[in-house]
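Asks: quick one, structure for this:
(2 chains)
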Amino acid sequence: MSVTREELENEFDRPPFLKRLSPYDWVWAALVVIGTVYAFMYYREHMGIYEEVILFGTGISLLAFGWLWKPMRHFSLVVAVVSLFGISLYGTDLANAESSFFLKYLISSQSAIIWMSALFVMATLAYYFSLATGSAFSGKLGTALTWIATVMGAVGLMVRWRETHLSGVDMGYIPVSNLYEVFVLFAVMTAMMYLHYERSFKNRAMGAFVSTVITASVAFLMWYSYTRGAHEIQPLVPALQSWWMKIHVPANFIGYGGFSIAAMMGVAYLLSARWPQSLMARRLPSLEAMDEMMYRAVAIGFAFFTLATILGAMWAAEAWGGYWSWDPKETWALIVWLNYAAWLHLRLTKGWRGGVLAWWAVVGLFITLFAFLGVNIFLSGLHSYGTL
Amino acid sequence: MTEQQRIKPRRSLGAVLLEFLGSMNLAITLLMVIAVASVIGTVLQQNEPYNNYVMKFGPFWFEVYRSLSLYDVYGATWFMLLLGFLLVSTSVCVYRNAPAIMRDMRQFRLDVQSKSLRAFHHQDEWQSGQDKDQVLQHARQRLEKLGYRTRTKQHADHITLAGMKGSVSRLGYLLSHVAIVVICIGGLIDGNIMVRIGEWRGDIVAETRDIPVSQVPSQSILPPENPAFRGSVNIPEGARANFIFLSMRDGYLVQNLPFTIELEEFRIEHYPSGQPKSYESTLLIHDPELDEPQRRVIAVNHPLIYKGHAIYQASFSDGGSILDLTGWSLDRPELGPQPIRAREHPDQPLLEGRMPEVGSQLQLNTPRGPYTLELSDFQLFNIFPNEDEPVEGVRHSPYRNYGPSMTFKLRSAAGDAREYINYQAPIRLDGRYYFLSGMRSNPNEDYRYLHIPVDQNGSIEGFMKFLALARDRELVQAVAKRHAEIEMGLDNDPEMLEQFSRSVANLVRVFVEEGVDVIVEQTERTVPEGERANLLSTYIGMIQSILGTLYLDMLSQEGLVGDEISEQQANFFDDTMQAMTLIPAYDAPLYLVLNSFEHVEASGLQITKAPGENIVYLGSLMLMLGILFMFYIHHRRLWVMVREEGGKTQILFAASGHRQRNDFDREFAFLKDDLRQRTDAQPDSK
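Replies: Next up, the predicted model:
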């Protein structure tokens, strides 16, 4: 790798982080601060101390996130503007969903989520076309569609949050309480994590693989919504009425997202290793890079899954009377955790790379899937909030 | 965990054992074995009554599984041993690797040989015209700019500059592994070790009988000093308890508490849709150490911590609501409504008995023989989606409250039981009102409902009165005879008249007492297929007209019939006929009417004493930090070795780092080129 003098100077003589921020960064940061403080002032009397801490924690995280990963700034602004527009259209009457054009066809939560689903499917097709033909345009289209889908999903959740409050007195809750809502969360989280990797690895061929998982989850979501009416807003059972839900569930889904991406990288790795001369293998990143990405996805997934499990245990100690009850969901969380702990040991201390770990990551996804869905479908227990 | 291969000629058994216990392979194997073992307890429902398992697996497999402790996997000795193994393995790993890691974090490896550096993946060598101090100064400056800490050491023929950063990553290893040990210890403290030891020594024996707490023998009672436990108790409103039950496989232990809990009130709030919104209990804590009882409110997600005991709102149930019941014999409705009372002894006059409460059992003498009434539940209201058509001008609510209901079983002397649910208030369906009672013969079925029409006084009496008439055989025969005389003109053939009226009366009797199904069956047995339908409709018509006549007689006796019967009266008859066809399948000796009630609720509390909880959280914090350090901080080392040779300076630049190779490649390449430029690397050098 030859490096120019200039690049080197840049690397070394960079001004401190804060001085590198653009005016846009600062304007955006000001908006985040204003938004957070406004939310605090406006909803103060409805929030407990922990909710206030979560609010400011979210503001600070968003700030750090946007400064470190620039696309987050545009994303958060667009989501905020569109969500606020949707919320303002509702006013205080849920029935406006039927009369307002924008709500009915675009940004009521159910419409936005259907748009998200359609856009993810389209993005998947674009990514596949790009992988098959090498078309750079199609790849870019895939990225763009994924971005828009992610925005729609996030808007759907934000607007739904408001809808829960409009559904009845004391009904409001953060929409991560049932399978329908968390599947949207999963699609959004996974897509954002992927978009981050896509940027840092500068390769769009992986999009076909990751978007496949997202499309599968979207297919489930649609089935669940149409056959079971899962999108209908139901009041929250007492056990879920806790601020813990706001941190436990999202942390879990960063974990699930990471594991899913790792598994799909595993698939891409295995296919590339099997047919190294194929067009696909040439379009995908090198085996080493995919291995690296798989590791990074497992690492972030593992870190957040660990956090989520710890938070879950602490919540359980407050709601169920014990931080660990060997409830099926808890036990499966442990199984998932042990599985990836073994994976990480193999890679980090035994120095394994490649094939076996790729297979393992793929199998890991099925274990994760069972912990996430299978437990709800086949096993009973305390954690039966998302039954089918 | 770095594997250190030390080759020694002979090793003691202890060393071999230590190496085995601390080996990576054992650790990974254990992780996977525990994962697989954990699956068992999620697939097989744990800690159910043993009878359920016997039913599921049969006596042979029941025993096999029991001997493997599969009904309580997570408390099984072998599972504890597995966890213990993991604990030992992790501890040994930490013990073996900690010194090396601590050294690794501190030491800059200034004595490294040039030969080893040349073997690194990241290394480069070049020559510079600058003198060695100048070179070192450049190197130190650049490395420190990138956040490396540096040290230099003068050797005989060269100087080594070593840089290091991210050593906290190595600390991550220690933190995360010590964390596992800490979490396990915390969990162990909160586990039921003391009870298990007691059981093993025979001091503690789980109670399996369903007996009052006062009769539980002392070997099944644990003192308040027990360091850790988790159990539950149901307290009815107004009652108090100073103990909880710990479930132990197929039995339980009684755990005494150092204080007494009184339930003052239990409250449920509901959403308009009937789903529960909150469960709350107002508790009074009585403790000799308190001047006066402490009043505290607990709710789901808001437990009370008292003296290291966490008290949770876990469930609720009926706490023995008192029910004022009367029973109508369906065999002899003419007896009228009989009060249902709990009597101290059979000779006690009925009306002197107490009103029964939910949860109790009563012996009843019915015309059908002795029955046991088991009052199992009472619900203050029942909210279901409103299936009525919206009426214009009236606000249509999506939900409807069906009012109070009670659930009970009637068990015959032979032991057969049917379960019933009766609603207190009449229910409106399609504009008419009914008393609703559901019946099922096993808990997996849905209830099938009997709709008894409400009479013009809003009472069940009209129906019962008519039922009594319909069961009066003589009366029915008289009506049948009259019917035959008038309708069929049989009045001049006494023998025929007698025979006909008798068989019609019999038909009605079978219909009323045994059900329409019996008539259908009989017809199927005795009549050729082609004629059945005709004959059956003749039969039904006959029954209807006899009972219809009976109904008209009843109305005229009551002076209620005008020139024509009203639509309401006609509907009542239709509904009565419907209900009567179902009564034989309803299969109850009595129809129970709930006149009034006094609602008493009970709150299910879970009480936990877990002194290890904070230790577990400390371990969790360490685990989190450890993971973050390990994954997101990278331990990197750089060396610049300079040697003067023939007026030139020879430079050897090398690096080693863990993971994140892309990143590190880039950093090394930048540094290498930068240093080459700054030291005016001579073009002929490599």
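
Asks: residue 184: neighbour count?
Replies: You didn't say which chain, so I picked chain A. Using other C-beta atoms under 10 Å in any protein chain shown, the number of residues around residue A:184 comes to 28. From N, CA and C alone the C-beta is placed, and that goes for glycine too.

Asks: meant chain B, my bad for not saying
Replies: 22.

Asks: quick check: it is in a strand.
Replies: No. Counting by DSSP: H, G, I helix; E, B strand; the rest coil, residue B:184 is not found in a strand; it is helix.

Asks: how about the nearest residue to it, chain neighbours excluded?
Replies: Spatial nearest neighbour of residue B:184, excluding adjacent residues (C-beta to C-beta, 6 or more residues apart in numbering or on different chains): residue B:87 at 4.7 Å.

Asks: so the one you found touches residue B:181, yeah?
Replies: Yes. Residue B:87 lies in contact with residue B:181 (C-beta atoms under 8 Å); the separation is 6.2 Å.

Asks: from the stretch 101-250 of chain A, which residue is nearest to chain B?
Replies: Ranked by C-beta to the nearest C-beta, the top residue of the stretch 101-250 of chain A for proximity to chain B is residue A:238, at 4.0 Å.

Asks: let me know the helix or strand that the residue nearest to residue B:184 is in.
Replies: helix B:77-106 (DSSP states H and E).

Asks: for stretch B:497-515, what is the average pLDDT?
Replies: Average pLDDT, stretch B:497-515: 86.

Asks: next, the buried residues of that stretch.
Replies: Neighbour counts using 16 or more other C-beta atoms under 10 Å in any protein chain shown place B:497, B:500, B:501, B:504, B:505, B:507, B:508, B:510, B:511, B:512, B:515 of stretch B:497-515 among the buried residues.

Asks: got it, and stretch B:160-180?
Replies: B:160-167, B:169-180.

Asks: and for stretch A:122-135?
Replies: Going by 16+ other C-beta under 10 Å, stretch A:122-135 has these buried residues: A:122, A:123, A:124, A:125, A:126, A:127, A:128, A:129, A:130, A:131.

Asks: also stretch B:342-352?
Replies: Applying 16+ other C-beta under 10 Å to stretch B:342-352 flags residue B:342 as buried.

Asks: pull the residues that contact it.
Replies: With C-beta atoms under 8 Å, 6 or more residues apart in numbering or on different chains as the test, stretch B:342-352 has contacts from B:338, B:339, B:341, B:353, B:354, B:355, B:356, B:360, B:362, B:363.

Asks: how many other residues sit next to the spatially closest residue to residue A:368 that is not a sequence neighbour?
Replies: The shortest distance from residue A:368 to any residue other than its chain neighbours is 4.8 Å, reached at residue A:259 (C-beta to C-beta, 6+ apart). By other C-beta under 10 Å, 30 other residues sit near residue A:259.

Asks: which bits of the stretch 501-650 of chain B sit near chain A?
Replies: B:606-608, B:610, B:613, B:616-617, B:620, B:623-624, B:627-628, B:630-631 (C-beta under 8 Å from any C-beta of the partner chain).

Asks: please narrow the residues you listed to those residing in strands.
Replies: Assigned to strands by DSSP state E, the following of those qualify: B:606, B:607, B:608.

Asks: sorry, back to before: and the furthest pair within the buried residues of stretch A:122-135?
Replies: A:122 and A:131 (15.0 Å; C-beta to C-beta).

Asks: thinking again about what came up before, mark which of the buried residues of stretch B:160-180 are part of strands, please.
Replies: Per DSSP E, the buried residues of stretch B:160-180 map to strands at B:160, B:161, B:162, B:163, B:164, B:165.

Asks: so residue B:298, which of the three states?
Replies: The three-state label given to residue B:298 by three-state DSSP is strand.

Asks: let me know whether it touches residue B:278 as I believe.
Replies: No. Counting by C-beta under 8 Å, residue B:278 is not a contact partner of residue B:298; they are 11.1 Å apart.

Asks: dump the residues of the stretch 501-650 of chain B next to chain A into TSV; add pLDDT and distance to residue B:253 as well.
Replies: What follows is those, written out as TSV (pLDDT from 0 to 100; distance: C-beta to C-beta, whole Å):
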residue	pLDDT	distance to residue B:253
B:606	93	15
B:607	95	13
B:608	94	15
B:610	92	17
B:613	93	21
B:616	95	24
B:617	96	27
B:620	96	30
B:623	96	33
B:624	96	36
B:627	95	39
B:628	94	42
B:630	89	43
B:631	88	44
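
Asks: could the residues you listed go into TSV alongside neighbour count and distance to residue A:213?
Replies: Listed next are those as TSV, based on neighbours: other C-beta atoms under 10 Å in any protein chain shown; distance: C-beta to C-beta, whole Å:
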residue	neighbour count	distance to residue A:213
B:606	19	39
B:607	25	44
B:608	24	39
B:610	25	39
B:613	23	37
B:616	25	34
B:617	18	34
B:620	22	29
B:623	22	28
B:624	17	27
B:627	22	24
B:628	19	26
B:630	25	27
B:631	22	23
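
Asks: about what we covered before: overlap between the ones in strands among the buried residues of stretch B:160-180 and the residues near chain A?
Replies: Of those, not one also sits near chain A (C-beta under 8 Å from any C-beta).

Asks: from those residues, which is closest to residue B:229?
Replies: For those, the nearest to residue B:229 is residue B:165 (49.0 Å; C-beta to C-beta).

Asks: so where's the stretch 401-550 of chain B shaky on pLDDT?
Replies: Along the stretch 401-550 of chain B, the model assigns pLDDT under 70 to residues B:489-491.

Asks: check the stretch 251-388 of chain A too.
Replies: Where the stretch 251-388 of chain A drops to pLDDT under 70, the residues are A:380-388.

Asks: if you set the cut-off to 90 instead, what comes out?
Replies: Low-confidence segments of the stretch 251-388 of chain A (pLDDT under 90): A:278-282, A:288-289, A:292, A:319-322, A:325-328, A:347-355, A:372-388.

Asks: ok, which residues in it are in contact with chain B?
Replies: So the stretch 251-388 of chain A meets chain B at A:288-289, A:292, A:295, A:299-300, A:302-303, A:306-307, A:310, A:313-314, A:317-324, A:326, A:328, A:331-332, A:334-335, A:338-339, A:341-342, A:345-346, A:348-350, A:375, A:379-380 (C-beta under 8 Å from any C-beta).

Asks: next one: the longest helix along chain A to chain centre, how far?
Replies: Counting residues, the longest helix found in chain A (DSSP state H) is helix A:287-319. Computed by C-alpha atoms, centre = their mean, to the nearest Å, the chain-centroid distance of helix A:287-319 equals 13 Å.

Asks: which stretches in the stretch 251-388 of chain A count as helices?
Replies: A:279-283, A:287-319, A:328-348, A:355-369, A:375-378 (DSSP state H, counting those that start in this stretch).

Asks: gap between the residue lying closest to residue A:21 once chain neighbours are set aside and residue A:29?
Replies: Counting by C-beta to C-beta, 6+ apart, residue A:21 lies nearest to residue A:67, which is 6.5 Å off, once chain neighbours are set aside. Per C-beta to C-beta, to the nearest Å, residue A:67 is found 7 Å from residue A:29.

Asks: find residues that contact each of the two.
Replies: Joint contacts of residue A:67 and residue A:29 (C-beta under 8 Å, 6+ apart) are residue A:21.

Asks: assign the nearest residue to residue B:413 once chain neighbours are set aside to helix, strand or coil.
Replies: Nearest residue to residue B:413 in three dimensions, chain neighbours excluded: residue B:370, at 5.2 Å (C-beta to C-beta, 6+ apart). Secondary structure state of residue B:370, per three-state DSSP, is strand.

Asks: hang on, the earlier thing: buried residues, the helix holding residue B:87. List them.
Replies: Buried, per 16+ other C-beta under 10 Å, within helix B:77-106: B:79-80, B:82-83, B:85-94, B:96-97, B:101, B:104-105.

Asks: which strands and helices lie in contact with it?
Replies: Helix B:77-106 sits against helix B:13-21, helix B:24-43, helix B:168-190, with contacts defined as 3 or more C-beta pairs under 8 Å, 6 or more residues apart in numbering or on different chains; DSSP states H and E.
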